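Visitor: all I have is the shape, not the residue letters:
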């Protein structure tokens, strides 16, 4: 059984900030958002966590192994370096989607995302060290079979993007519905899914579903470990095995 | 009539680099990608252009006003600061999708995205200064009506994300098919579309289509100018007018 | 005759901010300062200017070719992306030190560096385009002869640093006093000096002075042009000539 | 007794890289160097270490608490994100200058800083966990009395800088000679010194020496702890006490 610790990261009162007193230049907003994400990748990543950009104003992290102090320090570091602050809400559940649901509710209970008074909230309970196990995090790393040969080197880049995007949209909904799992596009033709102990049949069905629905061929490497970093790296190696052996699903 | 100058930005041989000699740590790849995007936002943005992250290994820029020298300098600056290099391909067309199609073909003709020898390509002809007009770029800035109230403050963050994502997926395909236009998610509930002189009816139809297809309510501000920056800022102000007047479509 | 346009960049009310409400973590301050400097390097550098980190809370830029609008946009971009704001003051003079003196006075007249109300000041007049010439900026790029062989590969790194630092300290005072010029350490064993039309004898005397005072052997390449970027690149090539020909002073 | 663990960070073969095949644009080099420093500040800082920029191509870190694996991960992360690599050499000694001397020698033994084959060296032994104590790191945080009132708000910025710089140059040499300690300018009017168990008299003498030699008035807060981060934060609080009580030396 997995036991995902998920952290919701929300920029405080961001929408209003972007248009006050006048709409701010889009290139500066894009720079701010992507650098904040890059910094959070390092801040969580240095502690074995993973962060996904999601909507950029709301990001999702897998944080097994990070206690409340580590979260507080990350929150403080953002506040020291950005014109915006972030709220953090932590929850734990065997099902990643359920953990994120709890994390979201905790933050919603503290006030609206656009409430100027609700800043730097830190809520929720990390998984106690004594309850952590080597199976807490399952990461599945999908990519598209021969994306370069079939899309990038052949199609208008926007049509390549639409294909990848459709594969992602289909997979994210399927994995959410069938397995309470959270899927994130991470660039190129790569999708990382934080899973609830899905087995080989589950992954084969997901691949089959995406192929039938939108005609995109995926393969997947799966890793399980105490932290997102360790599980994710195992998943990457398993995906290399898929590539070498021309298989669809490999477990590390 | 618009006349979009579009630049395709492709990281050279990126896929192989990410797994050579071993898969690289995901948090470092995420940091690299998002910082490269942030830097390109500034490098193009300082010259009135817009860049969209798209797939991160392939990015799309609207570059009216940037000549070949400006592109070469941006390419050199990336090479001076990153472990990867980028190829750039420029094309001009009244229809943004057609411009990107030409830009893509030029780069494909130079070699595969995964050809280790094909690096720092710079292809294509910018729009000559004497042919530039004040109507060259049309930018439409969409957002979701009351996204915070209906989604962010109510749903599991992943379900908010799925809703936004479905709205985006539907709009990107519709605008591509109906108007040869390029739609990009830019964070939060915002989508920026580079358009081919679409009129009010066109935008109303697009909004209606997305509402019917996936139940997501959009509104849009539209701006037209010589550069992406000027058109985009006008679009943002028009979107503020939508918000104040509770209208669906506003032209600057 | 040179005609340097110099901009003083001052972080507004920075000292108090660093200790309010409690002293902020030093690593975050270091990150903030060095990234702000990196961004300013790009923002001014994309417009052919040079920025020097100086004290980090006060930085000095050579900005020939940048008008008031360009300065305003840079100021806005910093405000959009950092928790602090900057004030800018521009002045022009044949002597770089005199230009910086005027720029400093203009800012001091607007209020104290630690006045919480004095934010985002923008003062001073750029050089009008019609008065600009190809001789406006003279840049001298010094380095230490065989610094790697004599220092880096031989001494305790701190003693290497002390030697380089002493050479710099001596040169900065000499060039300030003898030539109203501004010297900046830019890393490694490199010092860039913004000069007031100094001739070969002037540079030979400076090198001789530093050798006698602290025993550090320098050489220098000198470039002159309309902008800092062009003059600085010419100076670098001239310094390469010094290296190849084993000479002490070369003009581009 | 202190027991400083010091790490020398050296960019591999950096000098030749900056001029190959042609001299690279100075603004890109400045951006690269300052961002690398910012990233190292975070990478070491997230593990309670301090990094100082020193010459930028050679940086010095205080790394008590970081083992060899943490160093290897930082080295890998830099290699994944920059066009250059770094070598690291670790040493421990009661006297910080002696530790840096050993660290330097270890790296010099591995080859020249400009040897293209000597890359990503990792040498030296961290302090074993069982030998670590709460007195291992002493940090002294100096600043200049009323720097804003006496310098920044009064003088030409370059003359303010020369004054601060002279104070620093004098202190760095004095502390090196008298106390085997390492002094680093960290921006504004701040100098951080990694010390070898210096007592109150020692600090009073240092302040007196700098005042007599160059007329710059310093004060200092001192902290001692297991890590640089903890000792440095204690020193900052002690410096606030100096400010409040108008004293010259305060120990946390």
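Guide: Great, that's in hand. Computed from a predicted structure; not experimentally measured.

Visitor: where do the domain boundaries of chain A fall?
Guide: A:4-131, A:137-251 (automatic domain parsing).

Visitor: so can I have JSON lines of these showing mean neighbour count, mean pLDDT and distance to residue D:11?
Guide: In short, each C-beta sits where N, CA and C put it, glycine included. Below are those laid out as JSON lines (neighbours: other CB atoms under 10 Å in any protein chain shown; pLDDT from 0 to 100; distance: least, CB to CB, whole Å):
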{"stretch": "domain A:4-131", "mean neighbour count": "21", "mean pLDDT": "97", "distance to residue D:11": "20"}
{"stretch": "domain A:137-251", "mean neighbour count": "21", "mean pLDDT": "97", "distance to residue D:11": "26"}
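
Visitor: would you map the strands across the stretch 101-250 of chain A?
Guide: With DSSP state E, counting those that start in this stretch, the ranges of strands along the stretch 101-250 of chain A come out as A:122-123, A:137-144, A:182-185, A:190-195, A:218-225, A:249-251.

Visitor: dump these to JSON lines, plus distance to residue A:60.
Guide: Formatted as JSON lines, those follow (distance: least, CB to CB, whole Å):
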{"stretch": "strand A:122-123", "distance to residue A:60": "15"}
{"stretch": "strand A:137-144", "distance to residue A:60": "13"}
{"stretch": "strand A:182-185", "distance to residue A:60": "7"}
{"stretch": "strand A:190-195", "distance to residue A:60": "8"}
{"stretch": "strand A:218-225", "distance to residue A:60": "19"}
{"stretch": "strand A:249-251", "distance to residue A:60": "24"}
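
Visitor: out of the ones you listed, which is closest to residue B:229?
Guide: strand A:182-185 (27.1 Å; CB to CB).

Visitor: give me the sheet partners of that closest one and which way each runs.
Guide: In the sheet, strand A:182-185 lines up against strand A:190-195 (antiparallel) (DSSP bridges).

Visitor: contacts only, for the residue lying closest to residue A:202 once chain neighbours are set aside.
Guide: Spatial nearest neighbour of residue A:202, excluding adjacent residues (CB to CB, 6 or more residues apart in numbering or on different chains): residue A:179 at 6.2 Å. Contact analysis of residue A:179 by CB atoms under 8 Å, 6 or more residues apart in numbering or on different chains lists A:195, A:196, A:198, A:202, A:206.

Visitor: restricted to helices, list these.
Guide: A:202, A:206 (DSSP state H).

Visitor: can you pick out the most distant pair from the contacts of residue A:179?
Guide: A:196 and A:206 (12.7 Å).

Visitor: which positions in chain A make contact with chain C?
Guide: Contacts of chain A with chain C, taken as CB under 8 Å from any CB of the partner chain, map to A:24-25, A:28-29, A:31-32, A:35, A:76-77, A:79-83.

Visitor: let's see it at 6 Å
Guide: A:24, A:28, A:32, A:77, A:80, A:81, A:83 (CB under 6 Å from any CB of the partner chain).

Visitor: and of these, the nearest to chain D?
Guide: residue A:77 (8.0 Å; CB to the nearest CB).

Visitor: the nearest residue to the closest one once chain neighbours are set aside sits in which helix or strand?
Guide: In space, and not counting its chain neighbours, residue A:77 is closest to residue C:28: 5.5 Å by CB to CB, 6+ apart. Of the helices and strands defined by DSSP states H and E, residue C:28 is found in helix C:26-45.

Visitor: what's whichever helix or strand comes after that helix packed up against?
Guide: Following helix C:26-45 in sequence order, the next helix or strand is strand C:50-52 (DSSP H and E). Contacts defined by 3 or more CB pairs under 6 Å, 6 or more residues apart in numbering or on different chains; DSSP states H and E place strand C:50-52 against helix C:26-45, strand C:58-62.

Visitor: show me what from the stretch 101-250 of chain A comes close to chain B.
Guide: Near chain B, when you scan the stretch 101-250 of chain A using CB under 6 Å from any CB, you find A:101, A:104, A:108, A:112-114, A:148, A:152-153, A:156-158, A:161, A:169, A:182, A:187-188, A:232, A:236.

Visitor: pretty sure residue A:87 is in a strand, no?
Guide: Yes: assessed with DSSP: H, G, I helix; E, B strand; the rest coil, residue A:87 lies in a strand.

Visitor: partners of the most centrally placed residue in chain A in the sheet?
Guide: A centroid search over chain A (CA atoms, centre = their mean) returns residue A:52, at 3.6 Å, as the residue closest to the centre. Note on residue A:52: beta-bridge partners by DSSP bridges are residue A:60.

Visitor: isn't it right up against residue A:60?
Guide: Yes: between residue A:52 and residue A:60 there is a contact at 5.1 Å, judged by CB atoms under 6 Å.

Visitor: got the residues of chain A near chain D?
Guide: Near chain D, when you scan chain A using CB under 6 Å from any CB, you find residue A:46.

Visitor: going by proximity to chain D, name the top residue of chain A.
Guide: residue A:46 (4.5 Å).

Visitor: ok, that residue to chain B distance?
Guide: Noted for residue A:46: a distance of 8 Å to chain B, by CB to the nearest CB, to the nearest Å.

Visitor: hmm, residue D:46 and that residue touching each other?
Guide: Yes: counting by CB under 6 Å, residue A:46 does reach residue D:46; the two are 4.5 Å apart.

Visitor: please compute how far the helix holding residue C:28 lies from its chain's middle.
Guide: Distance of helix C:26-45 from its chain centroid, counting by CA atoms, centre = their mean, to the nearest Å, is 15 Å.

Visitor: tell me the angle it makes with strand D:137-144.
Guide: Using axes from the mean of the first three to the mean of the last three CA atoms, to 10 degrees, the inter-axis angle of helix C:26-45 relative to strand D:137-144 is 50 degrees.

Visitor: mind listing the residues bridging to residue A:190?
Guide: Counting by DSSP bridges, the residues bridging with residue A:190 are residue A:143.

Visitor: wait, residue A:59 touches residue A:9, no?
Guide: Yes: using CB under 6 Å, residue A:59 is in contact with residue A:9, at 4.3 Å.

Visitor: what segments of the stretch 51-200 of chain A are helices?
Guide: With helices called from DSSP state H, counting those that start in this stretch, the stretch 51-200 of chain A shows them at A:68-81, A:96-110, A:147, A:157-179, A:200-214.

Visitor: pipe the ones you listed into a markdown table and attach distance to residue D:93 per row.
Guide: Listed next are the helices of the stretch 51-200 of chain A as a markdown table, based on distance: least, CB to CB, whole Å:
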| stretch | distance to residue D:93 |
| --- | --- |
| helix A:68-81 | 30 |
| helix A:96-110 | 47 |
| helix A:147 | 53 |
| helix A:157-179 | 54 |
| helix A:200-214 | 54 |
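
Visitor: so which of these is nearest residue B:250?
Guide: Of the helices of the stretch 51-200 of chain A, nearest to residue B:250 by CB to CB is helix A:157-179, at 26.0 Å.

Visitor: distance of residue A:204 from residue A:219?
Guide: 11 Å (CB to CB, to the nearest Å).

Visitor: ok, the closest residue to residue A:145 other than its chain neighbours to chain C distance?
Guide: Distances taken as CB to CB, 6+ apart place residue A:217 nearest to residue A:145, at 4.2 Å, with adjacent residues excluded. For residue A:217, the distance to chain C equals 41 Å [CB to the nearest CB].

Visitor: try residue A:102
Guide: Here the criterion is CB to the nearest CB. By it, residue A:102 lies 30 Å from chain C.

Visitor: next up, the contacts around the nearest residue to that residue once chain neighbours are set aside.
Guide: Computed as CB to CB, 6+ apart, the closest residue to residue A:102 that is not its neighbour in sequence is residue A:91, at 3.7 Å. Counting by CB atoms under 6 Å, 6 or more residues apart in numbering or on different chains, residue A:91 touches A:6, A:99, A:102, A:103, A:124.

Visitor: would you mind putting these into CSV with distance to residue D:72 alongside?
Guide: Below are these laid out as CSV (distance: CB to CB, whole Å):
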residue, distance to residue D:72
A:6, 29
A:99, 32
A:102, 37
A:103, 33
A:124, 33
